[in-house]
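only geometry, no sequence info:
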């Protein structure tokens, strides 16, 4: 077990590494936080035997990767899922590559170590019918007070934009007021790695956006905020956690299992529903902001599995006995 806290003095180049990831590769705040957490966890593991990340050799790294693969919770479940182990591996690769490139270490102990094998899980899918129920539930939100009207207008806009564009929730909640106009059919998004893309809005999303901007701009405090979805909190805009709570409440009103609904599930719904209606895979890739089309292709696999299951369960000849 790794009980000792990591010693930051043993990782004197960590902040420099993170600064370079941000400046040169455009890494997001979430990515930088994950890198920091992963590398400090590694240092915590090493501190038990007096080794530091800067001096660790290939054997120490190999032992750590084995630990990540074999460590278990008291329940017997793996301590880390495949995705977490793969991300930790990538953090180490990036850090040691940085140390070598900056002449802070002569060798790269990660060079000959193999990346953990991962099985990409199939995304959770929300049916078109259930997505419709979720959107309809926004129309039944209360309107008794000005606060109710404000919250309802914002919720409708959030849901319509997310389902119309498939943007990441972090991209949506941090949208700037200057990025949108009432009659504008596209929003320019700055996504992962600082890459920009245009996402189109459908008519319901445009109408919801128009109504929300009028509501927002009528509020004296909100109209001075740079964000499309302002908040009185520290970050200045609606948080991921608050939006997740809004979705939970909405799912309950719609009679849906809130455990199966999240902002990311709506992003999945956007992609699968477009593809099921004949959208071009490349077009969906661009709208989602995927750098690799293989990431988008997972949605075609979902559709194929669904079609195969439909044939197995519904075809009239499946259970017919042949004499």
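Received, thanks. Everything quoted here is computed from the prediction, not taken from an experiment.

spit out the contact partners of the nearest residue to residue 139 once chain neighbours are set aside.
Excluding its sequence neighbours, the residue lying closest to residue 139 (CB to CB, 6 or more residues apart in numbering) is residue 156, at 7.5 Å. Quick note: C-beta positions are derived from backbone N, CA and C, even for glycine. By CB atoms under 8 Å, 6 or more residues apart in numbering, the contact list for residue 156 reads 138, 139, 208, 211, 212.

again, but for residue 108
Residues in contact with residue 108, defined by CB under 8 Å, 6+ apart, are 96, 97, 99, 100.

can I assume it sits in a strand?
No. Assessed by DSSP: H, G, I helix; E, B strand; the rest coil, residue 108 does not belong to a strand; its assignment is coil.

distance-wise, check it relative to residue 216.
Here the criterion is CB to CB, to the nearest Å. By it, residue 108 lies 50 Å from residue 216.

taking the contacts of residue 156 together, which two end up most distant?
139 and 212 (14.4 Å; CB to CB).

tell me the predicted confidence for residue 301.
We note a pLDDT of 63 for residue 301 in this prediction.

distance-wise, check residue 221 relative to residue 258.
31 Å.

so these two - more neighbours on which side?
Neighbour count, other CB atoms under 10 Å: between residue 221 and residue 258, residue 258 has more, with 14 against 8.

phi, psi of that one?
The phi/psi pair for residue 258 (degrees, to the nearest 10) reads phi -70, psi -20.

likewise residue 196?
phi -100, psi 150.

where does the stretch 1-150 of the chain have low pLDDT?
1-10, 118-123 (pLDDT under 70).

all helices of it, in order?
14-25, 29-47, 58-70, 82-101, 128-139, 146-165 (DSSP state H, counting those that start in this stretch).

orientation of the third one relative to helix 29-47 in degrees?
When you say that, I think you mean helix 58-70. Angle of helix 58-70 versus helix 29-47, following axes from the mean of the first three to the mean of the last three CA atoms, to 10 degrees, is 110 degrees.

quick check: which helices or strands does helix 58-70 pack against?
helix 29-47, helix 82-101 (3 or more CB pairs under 8 Å, 6 or more residues apart in numbering; DSSP states H and E).

looking at the helices of the stretch 1-150 of the chain, which is buried most?
Of the helices of the stretch 1-150 of the chain, the one with the most neighbours on average (mean count of other CB atoms under 10 Å) is helix 146-165, at a mean of 20.

which stretches in the stretch 101-250 of the chain count as strands?
186-190, 196-200 (DSSP state E, counting those that start in this stretch).

for the last one, list every residue counted as buried.
Going back to what we said before, that points to strand 196-200. Buried residues in strand 196-200, defined by neighbour count with 16 or more other CB atoms under 10 Å: 197, 199.

that strand pairs with which strands?
Strand 196-200 sits in its sheet next to strand 186-190 (antiparallel), going by DSSP bridges.

what residues sit buried inside the strand it pairs with?
Neighbour count says strand 186-190 has 187, 189, 190 buried, by 16+ other CB under 10 Å.

output those residues as JSON lines; include the columns distance to residue 172 and pLDDT.
Below are the buried residues of strand 186-190 laid out as JSON lines (distance: CB to CB, whole Å; pLDDT from 0 to 100):
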{"residue": "187", "distance to residue 172": "9", "pLDDT": "88"}
{"residue": "189", "distance to residue 172": "9", "pLDDT": "85"}
{"residue": "190", "distance to residue 172": "12", "pLDDT": "78"}
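
make a markdown table out of those residues and add distance to residue 144.
What follows is those, written out as a markdown table (distance: CB to CB, whole Å):
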| residue | distance to residue 144 |
| --- | --- |
| 187 | 32 |
| 189 | 35 |
| 190 | 38 |
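
return the distance of residue 78 relative to residue 253.
36 Å.

and residue 131, by the same measure?
14 Å.

separation between the residue nearest to residue 139 and residue 215?
10 Å.

overlap in contacts, the two.
By CB under 8 Å, 6+ apart, no residue touches both residue 156 and residue 215.

what pLDDT does residue 289 get?
pLDDT, residue 289: 83.

check contacts around it.
Per CB under 8 Å, 6+ apart, neighbours of residue 289: 167, 168, 171, 189, 191, 192, 195, 197.

which one of the residues you listed sits closest to residue 66?
Nearest member of the contacts of residue 289 to residue 66, counting by CB to CB, is residue 192, at 30.7 Å.

no more questions from me, cheers.
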